[in-house]
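Novice: Just need the structure, nothing else, for what follows:
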Amino acid sequence: MKQSSPVVVIGAGPIGLAAAAHLIERNQAVRVLEAGASAGAAMQDWGHIKLFSTWKYNIDDASRRLLETATETYAGDWQAPRETRLPTGADMVADYLEPLAAHPALAPHISYNHRVTHVTRVREDGGGVDKTRTAGRAESLFLVRTQTPSGVEDIVARAVIDASGTWHSPNPVGRSGIEAIGEAAAYEAGFVTTPLPDPLGADLERFAGKTVLVLGAGHSAANSLISLGHLRQKHPETTVLWGLRGVANPVRLYGGGIADELPARGQLGTSLRRFVELGDITILENVSVTALEAGERLSVKLADGRVLEVDLVVPATGFRPNLQMLSELRLDMDLTVEAPRELGPLIDPEFHSCGTVKAHGERALSHPENDFYIVGMKSYGRAPTFLMATGYEQVRSIVAALSGDRAAADAVKLELPQTGVCSTDLGGSCDAPAPTEPDSETGAASSSCCSSPEPVTIGLRPRTLND
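Specialist: Residues are numbered from 1 along each chain as shown. A predicted model of the protein is given here:
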């Protein structure tokens with residue numbers, strides 16, 4: 001029964017679908033469980049944002065082969081987007097993830113609106129195997145419980161690959177890793193936005209003319225700040241505040257600049273610096289939020305006694321993995337970044353940027369819980385240094401191991417571009433977002449690189465590197 005049971009993949013984003021494509025290529029049974037209504041649902045939430053890396057490096061090898069191979073019911077006429085373009089999140093979904101998920105070899109194995117609530121173990125005869133039970137554990141099956149539109153469904157699996165990401169579990173805006181007093185109420189009242197709002201597009205009316213506090217010093221914060229800087233130039237009554245938890249350090253704030261091998265990522269810090277120097281963005285140092293009090297406006301109370309009166313807060317404070325659904329599994333996690341223990345020291349953002357993470361595959365991602373893996377952005381825990389290409393190599397290695405190909409599983413390669421600095425506050429997922437610059441005529445957001453020749457990213461290779 002175990003070998004006939006599928007490998008369950010949690011999440012139908014780029015990394016989850018890549019895992020499924022590799023499993024199908026190796027003739028392994030697979031079932032993909034996606035909480036959203038469509039493939040790439042989380043990515044669609046920030047569809048207006050552009051990635052730093054071009055299309056050449058954002059398509060998984062097995063997925064590409066699947067899309068390009070004709071079958072009796074599929075023409076195989078998918079055309080990869082131009083390699084030098086920088087895709088938006090919406091582009092990734094429309095031009096890659098949706099065609100991949102609709103492929104006849106993959107589509108029957110994807111279940112949408114299936115939110116995983118628990119993962120545990122169960123014996124082949126149906127008997128329970130909770131976290132405390134050791135006898136026969138390695139040979140037992142996985143029980144994956146999901147909430148669906150028609151009710152609760154239990155799915156049995158021989159292995160589980162968790163590619164559910166971190167988009168729906170942002171860090172709180174409060175100090176020391178916990179919610180500020182009144183934070184939940186501020187969210188409910190609409191004073192706190194999503195981590196990546198669209199001030200130049202869908203959210204224009206919400207932001208224009210308002211006092212906006214952006215909290216965070218990563219790529220997400222930089223992207224929102226740049227958009228808000230452009231908004232203020234068109235709507236001078238808009239006030240943009242950039243709240244930093246420490247003291248501003250230009251080297252750490254603005255990243256590698258022209259030394260970054262991903263041009264769009266380097267341009268991010270350069271654009272941000274310009275808006276600060278022009279006075280469109282005001283930096284506030286030592287912003288340690290203790291409480292949020294919702295009224296006609298939002299009072300942001302700080303540890304040093306200051307009170308900021310604002311209309312909106314953008315919580316660009318990063319993300320953390322939701323491990324609650326895995327509480328019945330035996331996981332070996334790094335206590336600092338909440339990543340698999342062996343991976344933790346390799347990705348600690350205090351020591352590593354996106355370009356200094358060493359190659360890692362199935363062995364580094366394994367747990368005491370045999371045949372269970374966390375991959376993609378979630379595998380990096382609280383570290384913001386993840387590249388999509390890294391996730392593609394992770395699942396390639398894992399699927400090789402699950403298929404009995406130990407040599408291929410161990411042959412991991414990773415060549416990542418340098419950020420220009422060893423460590424930087426300008427963190428966040430290193431693939432997204434890139435800075436958005438409005439078109440001079442339409443005002444629509446576009447890549448800051450669109451006015452110049454499209455950048456050719458170096459230092460990356462499909463498969464050997466490359467969510």
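Novice: now the stretch 151-300 of the chain, which segments are flagged as low pLDDT?
Specialist: 250-252, 255-266 (pLDDT under 70).
Novice: I meant the stretch 351-467 of the chain, not that one.
Specialist: Residues of the stretch 351-467 of the chain that meet the cut-off, pLDDT under 70, sit at 352-356, 415-467.
Novice: Mind doing that once more with 90?
Specialist: 351-359, 384-389, 413-467 (pLDDT under 90).
Novice: what ranges do the strands span in it?
Specialist: Using DSSP state E, counting those that start in this stretch, the strands assigned to the stretch 351-467 of the chain run over residues 372-374, 436-438, 445-447.
Novice: What are the buried residues along the first one?
Specialist: In this case it means strand 372-374. For strand 372-374, a neighbour-count test (16 or more other CB atoms under 10 Å) marks 372-374 as buried. All C-beta atoms are positioned from the backbone trio N, CA, C, and that covers glycine.
Novice: Could you name the helices and strands sitting against that strand?
Specialist: Counting contacts by 3 or more CB pairs under 8 Å, 6 or more residues apart in numbering; DSSP states H and E, strand 372-374 is packed against strand 159-162, helix 362-365.
Novice: Now with 6 Å, please.
Specialist: With contacts defined as 3 or more CB pairs under 6 Å, 6 or more residues apart in numbering; DSSP states H and E, the packing partners of strand 372-374 are strand 159-162.
Novice: centre of the chain versus stretch 283-291, how much separation?
Specialist: 26 Å (CA atoms, centre = their mean, to the nearest Å).
Novice: what distance separates the start and the end of that stretch?
Specialist: Using CA to CA, to the nearest Å, the end-to-end distance of stretch 283-291 comes to 20 Å.
Novice: from the chain's centre, how far out does stretch 391-400 sit?
Specialist: That offset, for stretch 391-400, works out to 17 Å (CA atoms, centre = their mean).
Novice: buried residues in stretch 321-331?
Specialist: Within stretch 321-331, the residues scored as buried using 16+ other CB under 10 Å are 321, 323, 325-326, 328-329, 331.
Novice: Kindly report the same for stretch 9-27.
Specialist: For stretch 9-27, the neighbour count (16+ other CB under 10 Å) marks 9-26 as buried.
Novice: Show only the entries of the residues you listed found in strands.
Specialist: 9-10 (DSSP state E).
Novice: So which of the buried residues of stretch 321-331 belong to strands?
Specialist: Checked against DSSP E, the buried residues of stretch 321-331 include nothing in strands.
Novice: which residues touch V32?
Specialist: 9, 12, 20, 109-110 (CB atoms under 6 Å, 6 or more residues apart in numbering).
Novice: please redo it, this time with the cut-off set to 8 Å
Specialist: Shown in contact with V32 (CB atoms under 8 Å, 6 or more residues apart in numbering): 8-9, 11-12, 16-17, 20, 106, 109-111.
Novice: and which of these is nearest V214?
Specialist: Within the contacts of V32, the smallest distance to V214 is 28.1 Å, found for G11 (CB to CB).
Novice: Neighbours of E277, how many?
Specialist: The local packing of E277 (other CB atoms under 10 Å) involves 9 other residues.
Novice: Quick check: it is in a helix.
Specialist: Yes. Applying DSSP: H, G, I helix; E, B strand; the rest coil, one finds E277 inside a helix.
Novice: hang on, the earlier thing: include pLDDT and distance to A221 when you put the buried residues of stretch 321-331 into a markdown table, please.
Specialist: Shown next, in a markdown table, are the buried residues of stretch 321-331 (pLDDT from 0 to 100; distance: CB to CB, whole Å):
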| residue | pLDDT | distance to A221 |
| --- | --- | --- |
| P321 | 96 | 20 |
| L323 | 96 | 25 |
| M325 | 97 | 28 |
| L326 | 98 | 29 |
| E328 | 97 | 36 |
| L329 | 97 | 33 |
| L331 | 97 | 30 |
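Novice: Among those, pick out the one closest to P236, please.
Specialist: Set against P236, the nearest of the buried residues of stretch 321-331 by CB to CB is P321 (41.0 Å).
Novice: For the closest one, which residues are in contact?
Specialist: Each residue near P321 by CB under 8 Å, 6+ apart is listed here: 166, 169, 338, 374, 378, 381-382.
Novice: G36 versus the most centrally placed residue in the chain, what's the distance?
Specialist: The centre of the chain sits closest to M377, judged by CA atoms, centre = their mean, with a distance of 4.9 Å. Distance from M377 to G36, counting by CB to CB, to the nearest Å: 15 Å.
Novice: With L284 instead?
Specialist: Taken as CB to CB, the span from L284 to G36 is 36 Å.
Novice: related to what we said a few turns ago, widest-spaced pair of the buried residues of stretch 321-331?
Specialist: It's P321 and E328 that sit farthest apart of these, by CB to CB, at 16.0 Å.
Novice: quick one: which of the buried residues of stretch 9-27 sit in helices?
Specialist: Among the buried residues of stretch 9-27, the members found in helices (DSSP state H) are 14-25.
Novice: Which single one of these is nearest to K2?
Specialist: L23 (15.7 Å).
Novice: isn't the closest one right next to V7, touching?
Specialist: Yes. Between L23 and V7 a contact is recorded at 5.7 Å, counting by CB atoms under 8 Å.
Novice: which residues do the two both contact?
Specialist: Listed as contacting both L23 and V7 by CB under 8 Å, 6+ apart are 29-30, 402.
Novice: Closest one to E124 out of these, please.
Specialist: Using CB to CB, the shared contacts of L23 and V7 come closest to E124 at A29, 15.9 Å.
Novice: ok, and the closest non-adjacent residue to the closest one?
Specialist: Nearest non-adjacent residue to A29, counting by CB to CB, 6 or more residues apart in numbering: P6, 3.9 Å away.
Novice: what's near enough to touch the one you found?
Specialist: Taking CB under 8 Å, 6+ apart, we find P6 in contact with 28-31, 109, 157-158.
Novice: how far away is Y112 from E34?
Specialist: 5 Å.
Novice: ditto for A12
Specialist: A12 is 4 Å from E34, by CB to CB.
Novice: Please consider this matter closed, and thank you.
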